[in-house]
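Participant: 3D model of this:
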Amino acid sequence: IASTGRPGPVLIDIPRDVFTDETNFSYPPKINLPGYDPTVQGHPIQIKKAAKLINEAEHPVIIAGRGVIISKTYEELKELAEQTQIPVITTLLGIGCFPEWHALSFGMLGMHGMAYANMAIDAADLIIAIGMRFDDRATGRVSGFAPQAQIIHIDIDPAEIGKNLKTAVPIVGDAKNVLQALNKKVES
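Facilitator: Here you go, the predicted model:
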């Protein structure tokens with residue numbers, strides 16, 4: 001479970017009596033281990049809405065996070081950025097998901113990020129957030145984050161979407177699959 005979907009720590013809580021009581025045990029003939037089965041395909045209607053917003057935006061910005069690295073969505077991200085000429089800003093955990101030397105790379109955002117990355121977000125009318133959480137290291141004061149921007153939030157974990165900021169288009173799904181579909185819908 002810790003290595004699927006959005007990988008990370010898993011709490012295993014074992015009651016004290018499991019360690020202190022005695023019992024007779026026999027292995028069952030079949031073991032059923034339920035796992036995490038995330039949604040990997042984004043909803044087609046949400047992808048269509050996202051493409052429309054991207055095509056209409058005047059000052060869009062992409063924020064790419066750790067989800068891009070986990071899903072190995074490097075080429076799809078680069079294709080979206082180049083096709084639409086949208087600058088890419090990374091989160092701290094997203095560093096390396098987009099080439100820093102690329103003309104569309106604006107570096108890292110947030111309190112330890114590049115000033116011009118933060119200024120681009122402040123001036124954006126659309127933010128395409130891919131595989132990132134809107135945590136306070138990225139947003140600073142949430143009420144002042146991207147005041148004019150609508151937000152498209154793509155994440156495999158539905159609990160992260162709309163958690164800290166209002167999202168215009170929520171897309172639950174694996175970043176690779178969603179960006180492949182989105183790249184087919186946006187205009188060059």
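Participant: so which residues of the protein form helices?
Facilitator: 16-20, 44-56, 66-70, 74-84, 115-123, 136-139, 175-185 (DSSP state H).
Participant: winner for burial among those?
Facilitator: helix 66-70 (a mean of 23; mean count of other CB atoms under 10 Å). C-beta here means a position set from N, CA and C on the backbone, and glycine is covered the same way.
Participant: what is the neighbour count of residue 57?
Facilitator: Applying other CB atoms under 10 Å, we find 19 residues neighbouring residue 57.
Participant: distance of the nearest residue to residue 131 once chain neighbours are set aside from residue 129?
Facilitator: If you skip the residues right next to it in sequence, residue 131 has residue 67 as its closest partner in space, 1.7 Å away by CB to CB, 6 or more residues apart in numbering. The spacing between residue 67 and residue 129, counted by CB to CB, to the nearest Å, is 9 Å.
Participant: what touches both of these two?
Facilitator: 154-155 (CB atoms under 8 Å, 6 or more residues apart in numbering).
Participant: for the residue nearest to the spatial centre of the chain, what are its contacts?
Facilitator: When CA atoms, centre = their mean is applied to the chain, the residue found nearest the centroid is residue 131 (1.3 Å). Contacts for residue 131 (CB under 8 Å, 6+ apart) come out as 64-71, 73, 94, 154-156, 175.
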